[in-house]
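Enquirer: okay, here's the prediction I keep looking at, along with the sequence it came from:
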Amino acid sequence: MADLGLSMHAQSIAEPEVFWLQAAEAISWDLTPKTVLDASQKPFYRWFADGKMNTCFNAVDRHVLAGRGEQTAIHYISPVTQHEYSVSYQSVLAQVKRLAGLMVSLGVKKGDRVVIYMPMVPETAYAMLACARIGAIHSVVFGGFAANELSTRINDAKPKLILSASCGIEPSGVVPYKPLLDDALAQASHQVDHCIILNRTEYKAELLSPRDLDWYNALVDAPDADCVSLDATDPLYVLYTSGTTGQPKGVVRDNGGHAVALAWSMKHIYDTGVGDVFWAASDVGWVVGHSYIVYGPLLVGATTVMYEGKPIGTPDAGAFWRIIEQKQVRSFFTAPTAIRAIKREDPEGDLIKKFDLSCLKQMYLAGERCDPDTLNWSQHHLGKPVIDHWWQTETGWPVAANLMGTDPIEIKPGSPARAVPGYQVEILDAMGQQVAPNESGNVVIKQPLPPGTLTTLWQNDKRYIDSYLSMYPGYYLTGDAGYIDEDGYLYIMSRIDDIINVAGHRLSTGRFEEVLCQHDAVAEAAVIGVQDKLKGQVPLGLVVLKNGVTLSDEALYKELLALVRHEIGPVASFRLVSAVQKLPKTRSGKILRATMRKIADNQDYTMPATIEDPQTLDIVRNALTKMGYANALTTELTKS
Ligand SMILES: CCC(=O)SCCNC(=O)CCNC(=O)[C@H](O)C(C)(C)COP(=O)(O)OP(=O)(O)OC[C@H]1O[C@@H](n2cnc3c(N)ncnc32)[C@H](O)[C@@H]1OP(=O)(O)O
């Protein structure tokens, strides 16, 4: 039987311009592109370079103009505050027009950056769409980051305006955001004239006049703003992701290629179209939130769900299934960590059985490697296809997936299926040679990458080339290692750099080390990601203390945890740290993190030939053992 996915993939690689010009028909253009792929400035490729359009028009206005203004665009559900309401496309348009007008009256123009530091409320989507409407470039910062991380991003993006909220809502209670924003601005070298603050009833923030404006008060007298016609290649947003150093990388996404790719993916991968309900249980601060809470569903005229809750505890492990039934969700997307948390609370799937999930066609998992157990458990209890798929902040949309809206193929647990049309994925060895099926190597994508993928790093073309394009000229280096089997299925196994993935949050071990070294007692630090049954990976730190430090172990432990939480944020999930006399290093002084990680996770390792002092591995093993790693009994001090 013909394999439609394979033939589409073959066409997308052989004739990318034909393939993507056809896909571009799903978008309303002010000026239809004639040049599909501009390769004149390699290694920078530009999609639809002479096309003109507006992403907000495509996501909102055109659905209202087509007579679907009454359709629900957003279902908002906040289980902790017990607020829940739905917003029609018509109402979204009214809010976005007015907010865009307010931004213009505050001096925001096409190309200006606007930082958005907000929780999972509809106003966050309005803020993103309002920026898109006037050609301002938004940069959303995840609410779980601390003031210092926000400040770093403000300094890099240099926004004209910041939109924020007084607080976010976590199961533990209200998390004040405004004091973090004030602190971030106090630390930042770049300043803004105005902050627009959504002052929520759960926590009223003090507004600093004349800088801070109350969101809804300021909207009262604001004019409406129309869509600005933009070049397809104009940036839509910058989204920061952890780099191997403490300085995050600002991934730049364009307008035209992004809209085309997301619309294509909604139909062909996520099996979702006009009027369908699509739910990605993530956060707008991550790329999943950008692509599949806000832009993707709205671009195709679907209904999206903004959920300000968690998989468990808000109120129970049946929360996802309850909402799927209530809102008639067709396609649902979450992270493997969320399913592991549910499985721990509801191992027999009793809460799943309580709901009528006939509306649900399939569930998608991404954000971290999906272990086969998690996939098999959910597939067994849901009785629906569970689709592991793989992509990155940089790519913006799936690189490997089962094309559920096109031609579903066999699900192989442990694999996110095959490369999606547009992506030529290969596995290369250290010499740049393609390896045989089932042999591991570096996962790379041959240039040009398809529309919707990163165009560069914000104000840093050199770092873009150095990070992604220099190791194998002509290829994008994903930073992941894995293999492709004889059927073309991809398997992603690990990172090749010092990035760890904690509950679907990508974090840099280098950044943890920088923060630990800020402590007066710490001379040197090494942080590795160790396996964790719930979060996939968690950070573990080993520190060497300065001579003469008299702090007790317990006091040091508490202070280091508090420091990391203060500097990086709660999302760091940093709870494992211990002091050691010495760290294992090569003779040239490089810390042997990979060896330490293997010891912690009980994997085979060989003594590195260049190790300076082999005894340091015993020191590390002892410390890891005390923390419950390296195949030993768990101790409570560092795990509670
Ligand atoms: C495919 C491309 C990509 O990979 S893009 C990235 C995709 N990643 C994701 O979508 C993330 C998936 N993960 C999640 O949604 C969450 O981790 C889930 C599974 C729901 C679990 O949440 P939770 O129990 O809060 O654990 P966590 O590890 O996320 O949080 C740790 C601490 O941080 C806090 N936190 C979290 N979010 C916020 C926020 N927006 N504002 C303020 N604080 C936040 C949590 O409350 C938690 O705090 P604490 O340590 O318990 O006090």
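Expert: Received, thanks. Numbering: from 1, shown residues only.

Enquirer: all contacts plus neighbour counts: C-alpha atoms, from now on.
Expert: OK.

Enquirer: ok, and what's touching the host helix or strand of residue 564?
Expert: Element membership for residue 564 (DSSP states H and E) is helix 553-567. Helix 553-567 has contacts (CA atoms under 8 Å, 6 or more residues apart in numbering) with 146-149, 512, 515-516, 519, 571-575, 577-579, 637-638.

Enquirer: pull out the buried positions in that helix.
Expert: 556-557, 560-561, 563-567 (16 or more other CA atoms under 10 Å).

Enquirer: go on, stretch 197-210?
Expert: Buried-residue list, stretch 197-210, by 16+ other CA under 10 Å: 197-199, 203, 205, 207.

Enquirer: can you give me the first-to-last residue distance of it?
Expert: Across its full length, stretch 197-210 reaches 12 Å between end residues, using CA to CA, to the nearest Å.

Enquirer: off-centre distance for that stretch?
Expert: Using CA atoms, centre = their mean, to the nearest Å, the mean C-alpha position of stretch 197-210 is found 28 Å from that of the whole chain.

Enquirer: wait, does it make contact with the ligand?
Expert: No. Stretch 197-210 lies out of reach of the ligand by CA under 6 Å from any ligand atom, never closer than 13.9 Å.

Enquirer: average pLDDT across that stretch?
Expert: Averaged across stretch 197-210, pLDDT comes to 97.

Enquirer: what does this protein have sitting close to the ligand?
Expert: Counting by CA under 6 Å from any ligand atom, the chain sits next to the ligand at 119, 143-144, 168, 170, 175, 282, 286-288, 310-311, 335, 337-338, 366-367, 391-393, 503-505, 570-571, 573.

Enquirer: the helix or strand containing residue 578: partners in the sheet, and parallel or antiparallel?
Expert: Residue 578 is part of strand 576-579, with elements assigned from DSSP H and E. When pairing is defined by DSSP bridges, strand 576-579 lines up against strand 536-545 (parallel).

Enquirer: now the partner strand against helix 553-567, angle please.
Expert: Taking axes from the mean of the first three to the mean of the last three CA atoms, to 10 degrees, one finds strand 536-545 and helix 553-567 inclined to each other by 120 degrees.

Enquirer: mind listing residues that contact strand 536-545?
Expert: Contacts for strand 536-545 (CA under 8 Å, 6+ apart): 337, 368-369, 500-503, 509, 513, 516, 521-532, 572-583.

Enquirer: ChimeraX command for the buried members of the residues you listed?
Expert: Here is the ChimeraX selection string for the buried members of these, based on 16+ other CA under 10 Å:
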select :337,368,369,500,501,502,503,509,513,516,521,522,524,525,526,527,528,529,530,531,572,573,574,575,576,577,578,579,580,582,583
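
Enquirer: secondary structure for the buried residues of stretch 197-210 - can I get that in TSV?
Expert: Below are those laid out as TSV (DSSP: H, G, I helix; E, B strand; the rest coil):
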residue	secondary structure
197	strand
198	strand
199	coil
203	coil
205	coil
207	coil
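
Enquirer: just to revisit the earlier point, adding pLDDT, write the buried residues of helix 553-567 out as CSV.
Expert: Below are the buried residues of helix 553-567 laid out as CSV (pLDDT from 0 to 100):
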residue, pLDDT
556, 96
557, 97
560, 98
561, 98
563, 98
564, 97
565, 97
566, 96
567, 96
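
Enquirer: the ligand: which of those is nearest?
Expert: For these, the closest approach to the ligand (CA to the nearest ligand atom) belongs to residue 565, at 8.4 Å.

Enquirer: on that earlier part again, list the ones among the contacts of strand 536-545 that fall in strands.
Expert: 500-502, 522-532, 576-579 (DSSP state E).

Enquirer: can you name the residue of the stretch 151-300 of the chain nearest to the ligand?
Expert: For the stretch 151-300 of the chain, CA to the nearest ligand atom, closest residue to the ligand: residue 282, 4.1 Å.

Enquirer: that residue in helix, strand or coil?
Expert: Residue 282 ends up coil, using three-state DSSP.

Enquirer: got it, and residue 421?
Expert: On the basis of three-state DSSP, residue 421 is classed as coil.

Enquirer: gap between residue 69 and residue 262?
Expert: 22 Å.

Enquirer: those two - which one has more neighbours?
Expert: residue 262 (25 against 19; other CA atoms under 10 Å).

Enquirer: give the closest residue to that one in space, chain neighbours not counted.
Expert: residue 296 (5.2 Å; CA to CA, 6 or more residues apart in numbering).

Enquirer: wait, that neighbour touches residue 269, no?
Expert: No. Between residue 296 and residue 269 there is no contact under CA atoms under 8 Å: 11.5 Å.

Enquirer: these two: who's more crowded?
Expert: Using other CA under 10 Å as the criterion, residue 296 and residue 269 rank with residue 296 on top: 31 against 25.

Enquirer: helices or strands up against the strand or helix carrying that one?
Expert: Residue 296 belongs to helix 296-299 when assigned by DSSP H and E. Here helix 296-299 touches helix 256-268, strand 303-307, going by 3 or more CA pairs under 8 Å, 6 or more residues apart in numbering; DSSP states H and E.

Enquirer: what about residue 243, distance to residue 512?
Expert: 12 Å.

Enquirer: who's more crowded, the two?
Expert: residue 512 (25 against 20).

Enquirer: measure that one to the ligand for me?
Expert: 15 Å (CA to the nearest ligand atom, to the nearest Å).

Enquirer: give me the nearest residue to that residue, chain neighbours excluded.
Expert: Closest to residue 512 by CA to CA, 6+ apart is residue 527, at 6.6 Å.

Enquirer: my read: the one you found touches residue 509, true?
Expert: Yes. Counting by CA under 8 Å, residue 527 does reach residue 509; the two are 5.5 Å apart.

Enquirer: on that earlier part again, who's in contact with the residue nearest to residue 262?
Expert: Residue 296 touches 259, 262-263, 266, counting by CA under 8 Å, 6+ apart.
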